[in-house]
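**Student:** Next one to model:
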Amino acid sequence: MNDKLTPVRAATGGMSRRGLLRFGFGTAAVAVLAPALAACGSSDDDVSADGEVTLTVVGFEVPPEEKGSELDKAYKKFLADFQEQNPKIKIQSIQAPPNFDTQIIVDLASGSAPDLWSQDASSLAPLVKRNLLLDMRKLTTAAPELDLDRFFPQVLEIHKGEGDAIHGLPNDFTPMVVYYNPAVFTKANVPVPQPGWSWDDQLAAAQRLTIDSAGRNRLDPAFDEGNVVQWGYRLSQYAYQWVYRIWQNGGDVISPDGTTATGFLDAPAAVEAIGWYADLVLKHKVAPPPSTLEKLTNAANFNDLFIEGKFAMFDSGHWSLVGLTGAKGYQKELVAVAPQPRRTEEATALYESSFVLRHDLPEAKIKAAATFVAAATDRGYQDTKAITGIAISANKTAAEESLTSDNAKFPELDKVFVDATSQGRPPYGSKIGAYPTIEKGLDGMMEQILRGASVQEQVAKTVELVNRELKAR
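**Tutor:** Numbering: from 1, shown residues only. Take a look at the predicted model:
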């Protein structure tokens, strides 16, 4: 599968960013499941006379093609263990439809939503703005063992709102890092990326790693433009894969108070970052333009191309490991990751999945949900994150101890992700309700720039679009 998924976009190995971060929901979940979700609801009727509570949860079911996987086994074991230890709390586990982000808003408004579900942080803000989520501080009161110190502070920060409210508790996450193929670097005698590397370092490496059919690199005056057999970098038009470049240059897209893009997206730091990124295609030509990339990924899976050495570097999150390990010719020596390069600052985006609750739960269900979330964010279930390899556990101790565990799937790679967390920032969609629409505008802006449109003109148009959306919300 290539990266041309809409609207979830970025997918590798048959899974999307949002799908993987929402408990590994596969894209194969069928739309006929929507009525099952809409049929849910929360009321005191779910509490029996003897105190038995039924919780409807979404996020512990895999699609049919993933039955029997390590993830499926982890879900089943956790639910079975929880049920045995808490016989008075009955868990009704259901699968999510593919349009979950929009369906959940409809179902919350109608009162037919599940009690608890896994929420992608990138689309959290619309739910917060509509007051559809429970303040999770009520859970910490109901279950004192649910201490917030268990979470990475940068990840918990994603959920903090006005008045110290906490809209969700973290499950798992990933910083955006740079994937690279060490064999490609070694063959070209190029040093592999190291912590603290810069934009200039990345460009210099990409130039030497863009190779023509005669073995010449991009810096050779005789380089054959028409016969590129290896690209130094894969660039993406989609904002979630480049917006942190603006942060790395000391800029921002939107003002801290979330009211305007004027003076931010059109500020010199942001414009320079956008232009630099696009120039990897337009000026330096170390990454294929979208049309060429489309042809390449139509002919072969990108994961296979990367393992084969047709690309030296690309940006992604932990989810890409799922696809890469299943690629043709995969060997662990062919996949490595490095932290994001810096310009004036070290920065990356944290994409995350959390447990959230509907705002109108009765007290009995709040207590039951507190017990469930306390277990789901504690060691045990969180330790399985390193075994399945799906993401980094948001439980700090679980994540850090997995780096030396014999059972962990990617301990050396995971260390880079864990170390990069301290430079991570919340995604805009976790704080700004209009961001899903704004993000599409940023995608379109980069698409036009990569087609040769003026950076200044496209940025100016996009500032107007962003301000309209911010004002409208």
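
**Student:** Please go through the protein and pick out the longest helix.
**Tutor:** helix 455-472 (DSSP state H).

**Student:** Pass me the low-pLDDT residue ranges in the stretch 351-473 of the chain, would you?
**Tutor:** 473 (pLDDT under 70).

**Student:** any idea where the helices of it begin and end?
**Tutor:** 363-376, 384-388, 396-402, 411-420, 435-450, 455-472 (DSSP state H, counting those that start in this stretch).

**Student:** what does the stretch 51-200 of the chain give?
**Tutor:** Counting by DSSP H, counting those that start in this stretch, the helices of the stretch 51-200 of the chain are 70-85, 100-110, 125-129, 137-142, 153-156, 182-187, 199-209.

**Student:** quick one: Leu296 from Gly326, how far?
**Tutor:** 19 Å (CB to CB, to the nearest Å). Backbone N, C-alpha and C define where each C-beta goes, glycine included.

**Student:** One more: Gly168?
**Tutor:** From Gly168 to Gly326 the distance is 31 Å (CB to CB).

**Student:** Compare those two (neighbour count), which wins?
**Tutor:** More neighbours surround Gly168 than the other of Gly168 and Gly326, with 29 against 14 (other CB atoms under 10 Å).

**Student:** Enumerate every residue touching that one.
**Tutor:** 119, 121, 124, 133, 136, 158-159, 354-356 (CB atoms under 8 Å, 6 or more residues apart in numbering).

**Student:** before we move on, what about Ser93?
**Tutor:** Taking CB under 8 Å, 6+ apart, we find Ser93 in contact with 57-58, 60-61, 75, 79.

**Student:** So which of the contacts of Gly168 wins on neighbours?
**Tutor:** In the contacts of Gly168, the most neighbours by other CB under 10 Å go to Ser354, 30 neighbours.

**Student:** Rebuild the contacts of Ser93 as a markdown table, extending it with distance to Ile274.
**Tutor:** Shown next, in a markdown table, are the contacts of Ser93 (distance: CB to CB, whole Å):
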| residue | distance to Ile274 |
| --- | --- |
| Val57 | 41 |
| Val58 | 37 |
| Phe60 | 40 |
| Glu61 | 40 |
| Tyr75 | 41 |
| Leu79 | 45 |
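
**Student:** Of all residues in this structure, which one is nearest the centre?
**Tutor:** Central residue of the chain (CA atoms, centre = their mean): Tyr351, 3.5 Å from the mean position.

**Student:** wait, it sits on Asp172?
**Tutor:** No. Using CB atoms under 8 Å, Tyr351 makes no contact with Asp172, being 10.0 Å away.

**Student:** What is the burial count for Thr140?
**Tutor:** Per other CB under 10 Å, the neighbour tally for Thr140 reads 18.

**Student:** With adjacent residues omitted, what lies nearest to it?
**Tutor:** Leu146 (5.1 Å; CB to CB, 6 or more residues apart in numbering).

**Student:** ditto for Lys461
**Tutor:** In space, Lys461 is closest to Met445, 7.3 Å off (CB to CB, 6+ apart).

**Student:** same question, Ser405
**Tutor:** Nearest residue to Ser405, sequence neighbours excluded (CB to CB, 6+ apart): Ala386, at 6.1 Å.

**Student:** go on, Gly258?
**Tutor:** Counting by CB to CB, 6+ apart, Ile432 is the residue found nearest to Gly258 once chain neighbours are left out, at 5.0 Å.
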